[in-house]
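*Asks:* Return atomic coordinates for the entry below.
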Amino acid sequence: MTKSTSDTMSGETPGKTSDKAISSWVDLSAYNTLAIPALAKELCVVRHVEELQTCIARVKQENLPFLILGEGSNTVFLQDYDGVVVLNRLTGIELVSQTQSTVTVKVAAGENWHDFVAYCVSRQWYGIENLALIPGTVGAAPIQNIGAYGMEVKDTISELEAFDVSSEEVLSISNDACEFGYRESRFKRDWVGNKIITSVHFTLSKEKALKLDYPALAQNLTHDSSLKQVFDEVVSIRTQKLPDPKQIPNAGSFFKNPVVSVSDYQALQQRYPDIVAFEHGQKMKLAAAWLIEQAGWKQKQVDGVRVHQHQALVVINPERRPGEAIQGFAQALKDDIQQRYGVMLEVEPRLIRLTK
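*Replies:* So this is what the prediction gives:
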């Protein structure tokens, strides 16, 4: 019923280096979903933890810069990468434990996220169905604590394993130690470049537990709906609103929803009665898509880069422009939003710059 650690759901990422463990001066356009034409001085493909250990040991010995890359769905290469890009292709799913009401599975970091969600839905395991069709790998999910339609991945992670670059050991890390927040974790702060996620443990429910608070889901679903119906609805909504990176290069949501104080929100609401926002603890989370669309940026194009016609959070790169064009476009948009609303948008994808 479950897959052994030698099995995989994910096919090999397309690209001319798929059969080689190490290649020199590799075009990364096939390895990032924005299709940015950047080169890597060296690309190292790791399919087992032992290969990762060997690769990192050599990188340390030769004092080389390195970057861990999954499916490149959250990465903007601003220039060529004059170092080693380590392509994470660790695969496998393993049943860890189960009770009458829950199941815990260990999933290798290189597995495709959406395929894993579909895998769980097919087994009637509840907890991540609202996160269907989010691009990227399982190992990338905890880094920015992916979320959608009222769910965040942190709520299903019991622990994870990560390779510690300093000690060269694989460590078990608890959920609390990751310090998850809104699109945030320690993997984006003090653990950058030192802890490499190799697998994630998810504890999911065998009992029906749907989360349908979001209007987009509540419109066509009820708590009598099946898990598969919820999954299909999420896929349908995202397919209609979000472009397929294989057809139109993009990195999904490019901006975070800004979190502001209640007083700042109320001041904005007085000026813009239709502004869209959600409660976020003791603060308010503004809908960045509303700000961007109202400011006239939807479908606006600059230097071959533009905002997608159906989703204002998505920046697309149809002309395969370099990363600096994307950064310039994003900065112009951010400056305009700050001038209009007094709100600073934050870019979600990581911006990578490394040259000699």
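*Asks:* Now the longest helix belonging to the chain - C-alpha only, CSV.
*Replies:* The single longest helix within the chain, with elements called by DSSP state H, is helix 323-341. What follows is helix 323-341, C-alpha atoms only, in CSV (Å, rounded to 0.1, in the frame of the first residue of the first chain):
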residue,chain,number,x,y,z
GLY,A,323,16.7,37.5,-14.0
GLU,A,324,17.6,41.2,-13.8
ALA,A,325,14.7,42.0,-16.0
ILE,A,326,12.4,40.2,-13.6
GLN,A,327,13.9,42.0,-10.6
GLY,A,328,13.6,45.3,-12.3
PHE,A,329,9.9,44.7,-13.1
ALA,A,330,9.2,43.6,-9.5
GLN,A,331,11.0,46.6,-8.1
ALA,A,332,9.0,49.0,-10.2
LEU,A,333,5.8,47.3,-9.1
LYS,A,334,6.8,47.4,-5.5
ASP,A,335,7.7,51.1,-5.7
ASP,A,336,4.3,51.9,-7.2
ILE,A,337,2.4,50.0,-4.6
GLN,A,338,4.3,51.7,-1.8
GLN,A,339,3.7,55.1,-3.3
ARG,A,340,0.0,54.5,-3.7
TYR,A,341,-0.9,52.6,-0.5
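*Asks:* What is the next helix or strand after it packed up against?
*Replies:* Toward the C-terminal end, the helix or strand that comes next after helix 323-341 (DSSP states H and E) is strand 350-354. Judged by 3 or more Cβ pairs under 8 Å, 6 or more residues apart in numbering; DSSP states H and E, the packing partners of strand 350-354 are strand 75-88, helix 323-341. Just so you know, the C-beta spots here come from the backbone N, C-alpha and C atoms, and that holds for glycine as well.
*Asks:* what helices or strands is the longest helix of the chain leaning on?
*Replies:* strand 75-88, helix 288-294, strand 301-302, strand 305-307, strand 314-316, strand 350-354.
*Asks:* pLDDT averaged over the fifth one - what is it?
*Replies:* The average of the pLDDT scores along strand 314-316 is 97.
*Asks:* Arg123 versus the spatially closest residue to Tyr265 that is not a sequence neighbour, what's the distance?
*Replies:* Among residues not flanking Tyr265 along the chain, Met284 sits closest, at 4.0 Å (Cβ to Cβ, 6 or more residues apart in numbering). Per Cβ to Cβ, to the nearest Å, Met284 is found 38 Å from Arg123.
*Asks:* before we move on, what about Gln282?
*Replies:* 38 Å.
*Asks:* More neighbours: those two, which one.
*Replies:* A count of neighbours by other Cβ atoms under 10 Å puts Arg123 above the other of Gln282 and Arg123, at 14 against 7.
*Asks:* quick one: that one and Ala109, what's the gap?
*Replies:* 21 Å.
*Asks:* Repeat that for His280.
*Replies:* 29 Å.
*Asks:* what do you get for Gly83?
*Replies:* In terms of Cβ to Cβ, Gly83 sits 20 Å off from Ala109.
*Asks:* So these two - more neighbours on which side?
*Replies:* Ala109 (29 against 18).
*Asks:* How about that one, nearest residue that isn't a chain neighbour?
*Replies:* Gly139 (2.6 Å).
*Asks:* so where do the strands sit in the stretch 1-150 of the chain?
*Replies:* 22-27, 39-46, 66-69, 75-88, 93-98, 102-108, 147-148 (DSSP state E, counting those that start in this stretch).
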